[in-house]
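Visitor: here you go, sequence then predicted model.
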Amino acid sequence: MEMKEDKDARWFELECIPKDYIPLEENRPQNLDSPVCDSIPVIDLAKPNGTVEEILKGSQEFGFFQVINHGIPEKILIDALNVLKEFFYMQGKDAPTGTIPDKKGYIYNRSDFARDGTHLWRENLKHPCHPLEKCTHLWPDTPTRYQEVIAAYLVEIQKLSSRILEMIGEGLGLEQGYFKNTSEVQLLSSNFYPPCVDPSLTLGISPHFDTSLISVVYQGGSTGLQFIKDGEWINVGASPNAFVVNIGNQLEIISNRKLKSVRHRVVTSTHATRLSIATFVNPSLDCIVEPAKVLVNELEPSLYVGSQYKDYVQCTNAFGAYTAAILNAMQ
Ligand SMILES: O=C(O)CCC(=O)C(=O)O
Ligand SMILES: [Fe+2]
């Protein structure tokens with residue numbers, strides 16, 4: 001995506017990287033020449049057969065796959081990227097960070113902290129999305145189109161993610177509709193990663209696992225997302241109309257580890273800006289998450305103790321630094 005680079009002098013006129021953005025040597029991105037993975041499945045959802053098997057293969061081997069021909073109108077995707085781009089451009093140097101949602105609302109952060117205390121090379125906007133009708137009006141209202149455009153985007157993500165979860169359920173041998181009333185598109189997290197003069201010294205997002213069932217990411221053809229495979233960082237390819245889907249910890253539990261939640265990160269680029277929209281499809285807060293009964297037997301005993309998703313979120317700070325505020329806003 002073309003981005004004009006006049007947004008914020010704090011990001012774009014930096015010729016050397018401030019010390020507090022540089023992690024300890026062992027936490028820096030090593031080997032930035034990692035290969036682009038051509039083996040993670042790119043699944044054509046318009047195909048009549050074989051998609052369930054491909055989705056399962058991607059989820060077992062890599063924890064990642066992409067989907068194309070998903071039927072979501074391109075305009076909805078482009079509008080969403082554009083309105084988020086405008087939102088990020090509007091946050092001035094002096095904009096307050098860490099806006100805590102009061103009841104419901106949103107959180108905007110610039111250069112938030114990685115676990116080791118260094119700053120990440122990104123800006124981030126996060127907000128609850130469920131139930132949609134009840135939160136739309138509490139999201140940013142500048143740009144003025146924000147709420148309308150993002151709500152339209154999320155309606156499509158709800159449909160797409162239900163379809164994908166249904167296929168995953170089928171592949172695992174779960175009863176039809178297993179996820180139907182127990183999963184929600186709960187959170188949106190959008191990231192703006194400006195170019196960086198030395199990508200070997202910074203991280204857009206540090207290595208992490210997602211705490212979702214699945215995460216659905218639109219990256220508009222940009223690069224930077226990497227996942228780990230056999231100890232090596234692999235780039236997720238950039239196809240403009242594809243969604244990247246990855247398996248989160250909750251689905252790893254429900255599948256009794258047949259599907260893998262895989263560590264991933266975002267690296268920066270010297271020339272390209274990355275804008276991504278991650279949506280987290282999570283269990284409803286009061287769900288008890290445990291391995292599905294049909295996947296547990298004498299030969300394959302349960303590998304996890306069940307726990308309520310809300311407790312899990314609370315105990316692991318699953319929604320990031322503002323988990324308590326977001327949880328509060330969601331209840
Ligand atoms: O695609 C991205 O920019 C990173 C999204 C991600 O991994 C996350 O928000 O958990
Ligand atoms: Fe993630």
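Guide: Structure's in. What do you need? Ligands and ions are numbered 1, 2, ... in the order given.
Visitor: going forward, measure contacts between C-alpha atoms and count neighbours the same way
Guide: Noted.
Visitor: distance check, the residue nearest in space to the middle of the chain against ligand 1.
Guide: Closest residue to the average C-alpha location of the chain: residue 278 at 3.4 Å, with Cα atoms, centre = their mean. Counting by Cα to the nearest ligand atom, to the nearest Å, the gap from residue 278 to ligand 1 is 5 Å.
Visitor: can you tell me the element the closest residue to that residue other than its chain neighbours falls in?
Guide: Closest residue to residue 278 apart from its sequence neighbours, by Cα to Cα, 6 or more residues apart in numbering: residue 217 at 4.3 Å. For residue 217, the host element (DSSP states H and E) is strand 214-218.
Visitor: pairing partners for that strand, with directions?
Guide: Strand 214-218 sits in its sheet next to strand 243-247 (antiparallel), strand 274-283 (antiparallel), going by DSSP bridges.
Visitor: can you list these in JSON lines and add mean pLDDT?
Guide: JSON lines is the format used below for those (pLDDT from 0 to 100):
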{"stretch": "strand 243-247", "mean pLDDT": "98"}
{"stretch": "strand 274-283", "mean pLDDT": "98"}
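Visitor: contacts only, for the residue nearest to residue 187 when sequence neighbours are not counted.
Guide: Leaving aside its sequence neighbours, residue 187 sits nearest to residue 128 (Cα to Cα, 6+ apart; 4.5 Å). Counting by Cα atoms under 8 Å, 6 or more residues apart in numbering, residue 128 makes contact with 104-106, 135, 186-188, 326, 329-330.
Visitor: flag whichever of those residues scores worst on pLDDT.
Guide: Within the set of the contacts of residue 128, pLDDT is lowest for residue 104 (67).
Visitor: lowest average confidence across helices and strands of the protein, where is it?
Guide: Ranked by mean pLDDT, DSSP states H and E, the weakest helix or strand in the chain is helix 9-12, scoring a mean of 64.
Visitor: now the strands: where do they sit in the stretch 201-331 of the chain?
Guide: 205-208, 214-218, 225-229, 232-235, 243-247, 264-266, 274-283, 288-289, 307-308 (DSSP state E, counting those that start in this stretch).
Visitor: export these to a markdown table and tack on distance to residue 172?
Guide: A markdown table is the format used below for the strands of the stretch 201-331 of the chain (distance: least, Cα to Cα, whole Å):
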| stretch | distance to residue 172 |
| --- | --- |
| strand 205-208 | 25 |
| strand 214-218 | 15 |
| strand 225-229 | 22 |
| strand 232-235 | 26 |
| strand 243-247 | 13 |
| strand 264-266 | 24 |
| strand 274-283 | 17 |
| strand 288-289 | 16 |
| strand 307-308 | 21 |
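Visitor: about what we covered before: so which of the strands paired with strand 214-218 gets nearest residue 261?
Guide: strand 243-247 (5.0 Å; Cα to Cα).
Visitor: return the set of buried residues in stretch 70-87.
Guide: Neighbour-count burial for stretch 70-87 flags 70, 76-77, 79-81, 83-85, 87 (criterion: 16 or more other Cα atoms under 10 Å).
Visitor: contacting residues for the residue of the chain found nearest ligand 1?
Guide: Taking Cα to the nearest ligand atom, ligand 1 has its nearest neighbour within the chain at residue 276, 4.7 Å off. By Cα under 8 Å, 6+ apart, the contact list for residue 276 reads 81, 190-192, 217-220.
Visitor: spatially nearest residue to it (excluding sequence neighbours)?
Guide: Residue 276 sits nearest to residue 219 (Cα to Cα, 6+ apart), 4.5 Å away.
Visitor: then residue 216?
Guide: Sequence neighbours aside, residue 245 is the residue nearest to residue 216 in space, at 4.7 Å (criterion: Cα to Cα, 6+ apart).
Visitor: select the longest helix from this structure.
Guide: Counting residues, the longest helix in the chain under DSSP state H turns out to be helix 146-172.
Visitor: other SSEs contacting that one?
Guide: Secondary structure elements in contact with helix 146-172, counted by 3 or more Cα pairs under 8 Å, 6 or more residues apart in numbering; DSSP states H and E, are helix 51-61, helix 74-90, strand 183-193.
Visitor: what angle separates that helix from strand 243-247?
Guide: 50 degrees (axes from the mean of the first three to the mean of the last three Cα atoms, to 10 degrees).
Visitor: in helix 146-172, what counts as buried?
Guide: Neighbour counts over helix 146-172 (16+ other Cα under 10 Å) mark 146-147, 149-151, 153-154, 156-158, 160-162, 164-172 as buried.
Visitor: for residue 79, give me its contacts.
Guide: Residue 79 neighbours (Cα under 8 Å, 6+ apart): residue 149.
Visitor: which residues touch stretch 238-251?
Guide: Contact with stretch 238-251 is made by 59, 63-69, 74, 209-223, 259-262, 282-283, 289, as judged by Cα under 8 Å, 6+ apart.
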